[in-house]
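**Q** Structure here, sequence nowhere to be found:
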């Protein structure tokens, strides 16, 4: 047991894969330098590996986290869309490590169903980040700041509106989560290995970083969101004249979009600084550090907001793996192979010397970190219709291309991610000879599914009915 590494798994919520300064697709400022200021995460890249083609299997919190905890694909854990049915699966990553002798602790967000589900952790200290639900953070805030409310500033939890944090920085949930996590590291039993999951709610809305992080971007030139040549044809007839503040589709004034991006990137930078505090308190000599997110944020790309979409802003996530200092492994590596959140469970179990259950769909990432290895040629992600019946999606992504299919409309999109990482050009018509190969790959993935996506030979449009049902807000 003494040789087993500690495991520190850090996740953010709704963090775009490109919202790290070290990422090759990170937006650039007027000088051509990375716009996003994430020195802590950048340093982790130099000390480990960054997976530049990492994707969520289902781009919203509940299904993505179910896949992370089980190492399984969405269809295998009733997680192809956002819904509130109880989680009944086992085993989980935390449960397996607990059985192997690890002390398991979660600090921050679970988004498990029901709310009291500990998904295998011995102890949890929660900031749920959900309206109308009390948690450890909300009780602490009300007690320490005379009845203060996290969203007392009036900006909603799914809003494109943005403003600086309304209380002192020490009261911000990102700081609170870090404080509670450091307390665990300071008080733990050093003779027992730990698995500590630190789960930040930000940069998920509200876009409300403390003023210092807001001012880092306020007044700077930030690239406008890309708008694909395909977007109006797919979504144009549904753009509301007066969108609600939690709209998933909106043609907003340029300054409003700019402020949203100031708030979002400010939140990313604020989280990065707090992760720096956390890592300074950790024993990096014997601790495996993994950083990831459950899904991204469209942030106005193609007129879209929030998540659940197959496009890069929503579907691609950051993923960094930093081995313990005592372990001799390659450092500073960029890995462009297509990987997903279900690959984290076998990666962590291998490092801990724990057998991987046969039910697991994911694969350990260690061979990719150490050099070339046989690997999947493409990765499959999906999400059922959420905001309206036409928003369900299926996608496949390789190292340099992505195929998107909308089952309720039959729309197909093909993107060259190497030449067009912002997905502004749909090449489905121009490269129609490539479509049969992508369709066949998706047929293989979807064969036998109850939604009726395929008859085994071809893709079939489906209605957003009982088998693939719209389920409301996420």
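**A** Okay, I see it. Quick caveat: nothing in here was measured; it's all calculated off a predicted structure.
**Q** make it CA atoms for all contacts and neighbour counts henceforth
**A** Fine.
**Q** so where's the stretch 151-300 of the chain shaky on pLDDT?
**A** Counting by pLDDT under 70, the stretch 151-300 of the chain shows no low-confidence range.
**Q** Show me where it has its helices.
**A** 173-187, 211-217, 231-235, 254-280 (DSSP state H, counting those that start in this stretch).
**Q** Now tabulate these in CSV and tack on mean neighbour count and distance to residue 309.
**A** Below are these laid out as CSV (neighbours: other CA atoms under 10 Å; distance: least, CA to CA, whole Å):
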stretch, mean neighbour count, distance to residue 309
helix 173-187, 18, 26
helix 211-217, 20, 26
helix 231-235, 14, 12
helix 254-280, 22, 18
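**Q** Quick check, pLDDT for residue 468.
**A** Confidence at residue 468, expressed as pLDDT, is 66.
**Q** no wait, residue 323
**A** For residue 323, the model assigns a pLDDT of 96.
**Q** Pull the contacting residues for the closest residue to it other than its chain neighbours.
**A** Leaving out its chain neighbours, the residue that sits closest to residue 323 by CA to CA, 6 or more residues apart in numbering is residue 288, at 4.8 Å. Residue 288 makes contacts with 5, 6, 7, 8, 321, 322, 323, 324, as judged by CA atoms under 8 Å, 6 or more residues apart in numbering.
**Q** Doesn't residue 87 belong to a helix?
**A** No. Secondary structure assignment places residue 87 outside any helix; it is coil (DSSP: H, G, I helix; E, B strand; the rest coil).
**Q** And it, how close does it get to residue 65?
**A** In this view, residue 87 and residue 65 are 11 Å apart by CA to CA, to the nearest Å.
**Q** Which of these two has more residues huddled nearby?
**A** Using other CA atoms under 10 Å as the criterion, residue 87 and residue 65 rank with residue 65 on top: 25 against 16.
**Q** just checking, the more buried one touches residue 294?
**A** Yes. Counting by CA atoms under 8 Å, residue 65 does reach residue 294; the two are 6.4 Å apart.
**Q** okay, the angle between the longest strand seen in the chain and helix 173-187?
**A** Longest strand of the chain, by residue count under DSSP state E: strand 194-203. Angle of strand 194-203 versus helix 173-187, following axes from the mean of the first three to the mean of the last three CA atoms, to 10 degrees, is 170 degrees.
**Q** Strand 194-203: partners in the sheet, and parallel or antiparallel?
**A** Applying DSSP bridges, strand 194-203 is found paired with strand 6-13 (parallel), strand 103-108 (parallel).
**Q** so for the shortest one, what's the average pLDDT?
**A** Translated: strand 103-108. 98.
**Q** what comes up buried for it?
**A** 103, 104, 105, 106, 107, 108 (16 or more other CA atoms under 10 Å).
**Q** Save those as JSON lines, and put in distance to residue 460 too.
**A** As requested, the buried residues of strand 103-108 are arranged in JSON lines below (distance: CA to CA, whole Å):
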{"residue": "103", "distance to residue 460": "48"}
{"residue": "104", "distance to residue 460": "44"}
{"residue": "105", "distance to residue 460": "44"}
{"residue": "106", "distance to residue 460": "42"}
{"residue": "107", "distance to residue 460": "43"}
{"residue": "108", "distance to residue 460": "41"}
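**Q** Out of those residues, the closest to residue 427 would be?
**A** Nearest to residue 427 among the buried residues of strand 103-108 is residue 108, at 41.5 Å by CA to CA.
**Q** correct me, but the closest one touches residue 200?
**A** Yes. Shown here, residue 108 and residue 200 form a contact pair, counting by CA under 8 Å, at 5.8 Å.
**Q** okay, and the common contacts of those two?
**A** Joint contacts of residue 108 and residue 200 (CA under 8 Å, 6+ apart) are residue 177.
**Q** hang on, isn't residue 267 packed against residue 211?
**A** No. Between residue 267 and residue 211 there is no contact under CA under 8 Å: 10.2 Å.
**Q** can you pull the contacts of residue 33?
**A** Counted by CA under 8 Å, 6+ apart, residue 33 has zero contacts.
**Q** hang on, the earlier thing: residue 159: which of the contacts of residue 288 is nearest?
**A** residue 8 (30.6 Å).
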